[in-house]
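>>> What shape does this take:
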Amino acid sequence: MTSSQPVITPNALNFTPDNKQCYAYSGEVTLGASANQNYLEFNTNSEYVIGHVIPHGSPDGAGSSDFSLYIYFNDVIIYSNRFLNNSNAYNQGNAGIRIIVPPFTNVKLNLKNEESGTTVQMGIVFTGEAVGMTDTGYQ
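Residues are numbered from 1 along each chain as shown. Down below sits the predicted model:
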């Protein structure tokens, strides 16, 4: 059986029908020169989420730019990291960042293009295990 939810719902945390997994995908978006842009924003409810954040860039559109990832909980930066332009820059980002998101938290995932003269195609994938959700009995 498949879910009727769309693959990409802007600013929403989507749940599998059994409420055990969750996900949010930004899709690739053009990130302007020196821009800091919000890619995903969502709220948790009574559940907490054991999450995995993966920034990614198009191989054709991100090859020469450094970028930074910022994770905010309730408008407080809880994580930031700059990924340097070298042969492994985008592989570093693809390893992802593991986080635990508390209940009743506003989450913002931002990317910043650290280069002043280039635009890049970037995106963020967020997946997680939802803990404390009501069991739907779906199998």
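>>> and for the longest strand anywhere in the chain, what are the contacting residues?
Ranked by residue count under DSSP state E, the longest strand found in the chain is strand 120-131. Contacts to strand 120-131, defined as Cβ atoms under 8 Å, 6 or more residues apart in numbering, come from residues 13, 15, 19-31, 39-40, 47-58, 60-62, 65, 67, 69, 101, 109, 111, 113. All C-beta spots, glycine's among them, are computed from the backbone N, C-alpha and C.
>>> now swap in stretch 95-110 and tell me
13, 26, 36-54, 69-75, 78-79, 81, 124, 126, 128, 132.
>>> Ok, stretch 23-43 next?
Residues outside stretch 23-43 that contact it (Cβ under 8 Å, 6+ apart) are 7-9, 11-14, 56-58, 61, 67-68, 70, 104-128.
>>> try 7 Å
7-8, 11-14, 58, 105-113, 115-127 (Cβ atoms under 7 Å, 6 or more residues apart in numbering).
>>> What residues sit buried inside that stretch?
Residues of stretch 23-43 classed as buried: 23-26, 28, 31, 39-42 (neighbour count, 16 or more other Cβ atoms under 10 Å).
>>> Next, the contact list for residue 80, please.
Contacts of residue 80 by Cβ under 7 Å, 6+ apart are 68-70.
>>> Mind doing that once more with 6 Å?
If you count contacts by Cβ atoms under 6 Å, 6 or more residues apart in numbering, residue 80 has them with residue 70.
>>> what's the following helix or strand after the helix or strand of the chain with the lowest mean pLDDT?
Counting by mean pLDDT, DSSP states H and E, the weakest-scoring helix or strand in the chain turns out to be helix 89-94, with a mean of 52. If you walk from helix 89-94 toward the C-terminus, the next helix or strand you reach (DSSP states H and E) is strand 97-101.
>>> low-scoring pLDDT stretches of the protein, where are they?
Applying pLDDT under 70 to the chain flags residues 1-10, 58-64, 85-94, 134-139.
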